Each structure stands twice: as C-alpha cells, then as structure tokens.
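[1] Okay, here's the prediction I keep looking at, along with the sequence it came from:
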Amino acid sequence: METLKKNPSVRRKGKLARTFQKVCSLRTTSTKVSSNNGIGICMPKSHNNNPNFDEDYSDDNDSVFDLKSTSSRSSRSGELKIRERRRAVFEAVVAKIFASTTSIKAAYAELQMAQRPYDNAAIQAADTAVVEELRALSELKRSFLRKELNISPQVAVMLAEIQEQQSLMRTYEITIKKLESESAEKQSRIDSLNKDLEEVTTVNRTFEKKLTASGSLSPLDNVVFSNLNLSGFVQILGFTLRSVRSFVKSIVKEMESASWDLDAAASAAIRNSSTVFARPSHRCFAFESFVCCKMFENFESLDYSLPNVDEKPSRERFFNLRSVDPVRYLTRNPGSSFARFVLHKYLSVVHAKMECSFFGNLNQRKLVNSGGFPDSGFFAAFCEMAKRIWLLHCLAFCMSENVTVFQIKKGCRFSQVYMESVKSGDESLFSSDDSADIRVGFTVVPGFKIGDNVIQSQVYLSPATG
C-alpha cells in the first residue's frame, strides 16, 4: 500500500488524513485519489461498483461521522428500492390474475351465448380460450412460487390492463347480442299477443253488441268518476233495482213452492192489511218494498252503521268489487267490510221462519251466523243484489258526503217532485176524476238526496178513501 504524503501547508488536516489512513488500511485493494489540497486518500474499489454508493460529498467539512452516516443512508435506500420493486412485481402479478379472470369470464359468456342457438365452432373456441387462460394462470402460479418471475412490472401492468379492457369489451358485446336476441324474442311474443288481442277484442265487441241490444251489459263498467253526475247515479240505481226485483222473484217462487198465502204475506210485508192491489201481479211490489226497506236501511251512514267498519266508501273499493263475482269475493275476503254487510243484511232480510219454510232447515242461517257463505242459488242471488247496493252506496258518497234517504208515508198526496209511480200509467187504474185523490199506498223504493240533488222515490199509488 502506498503511504499518505503529508503536505506541510495543510497541517491542520493531519488528523483527518490519519483517520482516512486507518479506514483505507482495512482494504487490500485500493485506489489513490488526489484532492486539490494535495491530500491523497485510498478508496475501496468495491464502492465504485456499488450503484447505491453516494460519491457526492464535500471535501471541506468531511469527518468520520459523516462517512458512516452516508453509508447508512445508502443501505436504507437500497432496501427501499428492493421493497418498491417487490411491491411492483406483486402488483403486476395481481393485475395479470385479474386480467386472466376477466378473460375467463368473457370466454364463459361466449360459451353460454353459443348454446342458444347451438354453435359448435363458437363453443370449441370459447372452451379453448378458457383452457388457455387457466394454463396461463397455472404457469404464473408456478413461477411465483419458485421465484422465477422474469417480468417488467410496468410493462406487465400495462399489458394486463389492456387484456382486461379487451375482455370487458368482449363481455359487453356478448351482453348486447344477448339483449338484442331477448328483445327480438319478446317483440315476437308481443306481436303474437297483439294478434290474439285483436281477435279477442273482435269477439268481445260482438258480444258487447249482443249484450247492449239485450240490455244485459253492466253499467258499472262504464262508470267514470271524473265525469260522474246525477244521471249516472240514476242509471246505476236502475241497474241495482233490477237485481232487487230478481231476488224478489226468487222469494215469490219459493213462497209459491211452500204454498204460502201471497196476499197475507204481501200485507205483512208492508204492515198494512187494508192495501188494495189493482192486480194480483202487483203483490210483488210489497215484497220489493220490504227488501228495499231492509237493504237501504242506514244507507245515509258513511259506514252503513255496521260494527268494526273503519273503511270509508272509496273509488278503490268500487273498482275492486264491480267486476268480480260477489260469492267468490266473499270467499277470498271473509273479513272485508262487504262481507260483514252481506252477512248482516241476509239475517235481516231472510227471517228464520222464512228460511225454514223455504228449505226445510236452517243450515244456511247457521252457516251465515258462523261467518260462512252458503253455496246456493238463493244466496248467490242475494249476494248479487247486495253487491250492487254496496256499490251504489260507494258511488253516492263519492259524489257527496251529504247523502239522505227518505220514504213517503202512506196516505200522502202524490207529488211528481219527490215521487214517481212504481209503474207508469198506474194513475189511469183509478176511476176518480180528481187527481188530488191519488194517494200513496206505500213506498216501494226510497228516494235519495245527494247534496242538493233529489232522486224521486218510487211509490205504489192507491185511491183515496173518503
């Protein structure tokens, strides 16, 4: 080793030179470096080959402490770079895994798409793509576990991102094709259904014309609340009274089958034995009066004065019931307000003695008392009548909250303002020349006052007795 030559002009740096001499003596191979101050120092050659070695230092204020600090910083910097590179490699591996997974997903989507319609070539290509991606993942796993990865992290990440985006594009294209195929199928189905609808509509129109001609079409289906008026209510009232008369005919038929005295029964129905009927067929008006009196009782009450009825008449209740079979509705909704209304009114209209006389037992009444619904034509006719009256009640309170029902007392003078004869031309049946002698025998159908509008009551007229 060469010895350090001391310069007399820089004695103040002798201590520094000796310190460097001690450091350099630890190395067998050294290089001589001359400074501008004339001091030669020996630097190890290994430091020159170390990329982490920092050669940027000042010659003026160097010390042993400064040299050790520089070596420590270099070591930490090397470790940091190793960690950063390792992290970059891990990120590249994860990126390749996600890219391969996305490619497998796209290939699987292609495989599903090729199933319908069946495409053998597309199925084989998709299967090959899946196998290749699985093989690439397996190779990546093997290289990672053996620490044989030889990749550039930046390039690998970029390639993985490109692969992932391409796979996503394939997936989106497949999804678009699938949606287009489903849309075409649904459009074909829609066209078929439209064709069927046109055929059904044509048939319905034919039936509608026949029903309209026969007067059997339900006006309930034509109710429009936005255009609801008094004439609409009167139309629904007439439709309701048809069901009342149909039920009355069922009662009269059962009475005749049970050999009832119809005159006595009619007088008992209107609670007036002195009433004279112009024709025998007019006795049905007495039974109709009895049924209407019972069914329209408490009509002016918002809840029909029924217990445990919290629902108010509404359009929703009207639409829910107007087009369904009442017995079927009762079976499905035994706890509804309409069900309670039917059960309550049935027990009020059909007396126990009447039912026992008609059917020989009280089975129907017992079933109704227990909350059930009899399966008989008689009960079905009653339910249809009750349904229409219930809907009429809903309609009235949708028009106005002020609803009043009124009846005309026996013996009152006939007035065309509040009354109409139950049968047109009845006035000509009486021989009296003075129209003032025409009096009310009994009310058949009560009158209604909805808001400020009055619907005439229907009465049976009888001549005045002097």
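    In hand now; what should we look at?
[2] got the phi/psi numbers for Thr443?
    phi -90, psi 130 (degrees, to the nearest 10).
[3] what's around the closest residue to it other than its chain neighbours, how many residues?
    In this structure, Thr443 finds its nearest non-sequential neighbour in Gln407, 4.3 Å apart by Cβ to Cβ, 6 or more residues apart in numbering. No exception for glycine: its C-beta is placed from N, CA and C like everyone else's. Using other Cβ atoms under 10 Å, Gln407 has 18 neighbouring residues.
[4] residues touching Gln407, list them.
    293, 443, 446-447, 457 (Cβ atoms under 8 Å, 6 or more residues apart in numbering).
[5] Among these, which pair sits farthest apart?
    Between any two of the contacts of Gln407, the greatest separation by Cβ to Cβ is 12.9 Å, found for Cys293 and Gly447.
[6] all strands for this protein, in order.
    For the chain, the strands defined by DSSP state E cover 30-34, 40-44, 403-406, 419-421, 438-445, 447-450, 453-455, 457-463.
[7] Nearest approach to Leu241 belongs to which of these?
    Taking the strands of the chain one by one with Cβ to Cβ, strand 438-445 is closest: 6.3 Å.
[8] Next, the angle strand 457-463 makes with that closest one.
    140 degrees (axes from the mean of the first three to the mean of the last three Cα atoms, to 10 degrees).
[9] Run through who's touching strand 438-445.
    So strand 438-445 is contacted by 241, 270, 272, 275-276, 285-286, 288-289, 292-293, 407-414, 419, 422, 427, 430, 432, 457-464 (Cβ under 8 Å, 6+ apart).
[10] from memory Ala106 sits against Thr171, does it?
    Yes - at 4.7 Å, Ala106 counts as touching Thr171 under the criterion of Cβ atoms under 8 Å.
[11] With neighbour numbers in mind, choose between these two.
    Ranked by neighbour count (other Cβ under 10 Å), Ala106 and Thr171 place Ala106 first, with 24 against 18.
[12] show me the contacts for the more buried one.
    Contacts of Ala106 by Cβ under 8 Å, 6+ apart are 129, 167-168, 170-171, 174.
[13] quick one: low-confidence ranges for the stretch 151-300 of the chain?
    208-217 (pLDDT under 70).
[14] low-confidence ranges in the stretch 301-450 of the chain?
    309-313, 424-437.
[15] At which residues are the helices of it located?
    Using DSSP state H, counting those that start in this stretch, the helices of the stretch 301-450 of the chain run over residues 315-322, 326-332, 337-349, 352-359, 363-369, 377-399.
[16] So what touches the second one?
    Pointing back at helix 326-332 there. Outside helix 326-332, the residues within contact range by Cβ under 8 Å, 6+ apart are 321, 336, 338-339, 342, 373, 375, 379-380, 383-384, 386-387.
[17] tell me the contacts of Gln115?
    Going by Cβ under 8 Å, 6+ apart, the list of residues near Gln115 reads Ile123.
[18] Find the residue closest to Ala92 in space, skipping its chain neighbours.
    Ala156 (3.8 Å).
[19] do Leu237 as well
    Leu392 (6.3 Å).
[20] how deep is Thr128 tucked in, by neighbour count?
    Around Thr128 there are 11 residues (other Cβ under 10 Å).
[21] Equivalent analysis for Gln458, please.
    22.
[22] my guess is it meets Ser421, correct?
    Yes - Gln458 lies in contact with Ser421 (Cβ under 8 Å); the separation is 7.5 Å.
[23] Among the contacts of Ala106, which pair sits farthest apart?
    Ala129 and Leu168 (14.8 Å).
[24] More neighbours: those two, which one.
    Using other Cβ under 10 Å, the more surrounded residue of Ala129 and Leu168 is Ala129, with 19 against 14.
[25] now the more buried one, nearest residue through space, not along the chain?
    Ala129's closest residue in space is Ala107 (Cβ to Cβ, 6+ apart), at 3.9 Å.
[26] again, but for Thr275
    Looking at Thr275 with Cβ to Cβ, 6+ apart, the closest residue is Gly441, at 5.4 Å.
[27] how much space between that neighbour and Lys410?
    From Gly441 across to Lys410, the span is 7 Å (Cβ to Cβ, to the nearest Å).
[28] What is the neighbour count of Glu180?
    10.
[29] what's the answer for Arg322, then?
    18.
[30] go on, Val291?
    24.
[31] follow-up on the earlier one: list buried residues within the contacts of helix 326-332.
    Buried subset of the contacts of helix 326-332 (neighbour count, 16 or more other Cβ atoms under 10 Å): 321, 336, 338-339, 342, 373, 379-380, 383-384, 386-387.
[32] Rebuild these as JSON lines, extending it with distance to Thr101.
    Supplementary listing: the buried ones among the contacts of helix 326-332 in JSON lines, determined by distance: Cβ to Cβ, whole Å:
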{"residue": "Leu321", "distance to Thr101": "58"}
{"residue": "Ser336", "distance to Thr101": "56"}
{"residue": "Phe338", "distance to Thr101": "60"}
{"residue": "Ala339", "distance to Thr101": "60"}
{"residue": "Val342", "distance to Thr101": "65"}
{"residue": "Phe373", "distance to Thr101": "62"}
{"residue": "Phe379", "distance to Thr101": "68"}
{"residue": "Ala380", "distance to Thr101": "66"}
{"residue": "Cys383", "distance to Thr101": "65"}
{"residue": "Glu384", "distance to Thr101": "66"}
{"residue": "Ala386", "distance to Thr101": "67"}
{"residue": "Lys387", "distance to Thr101": "63"}
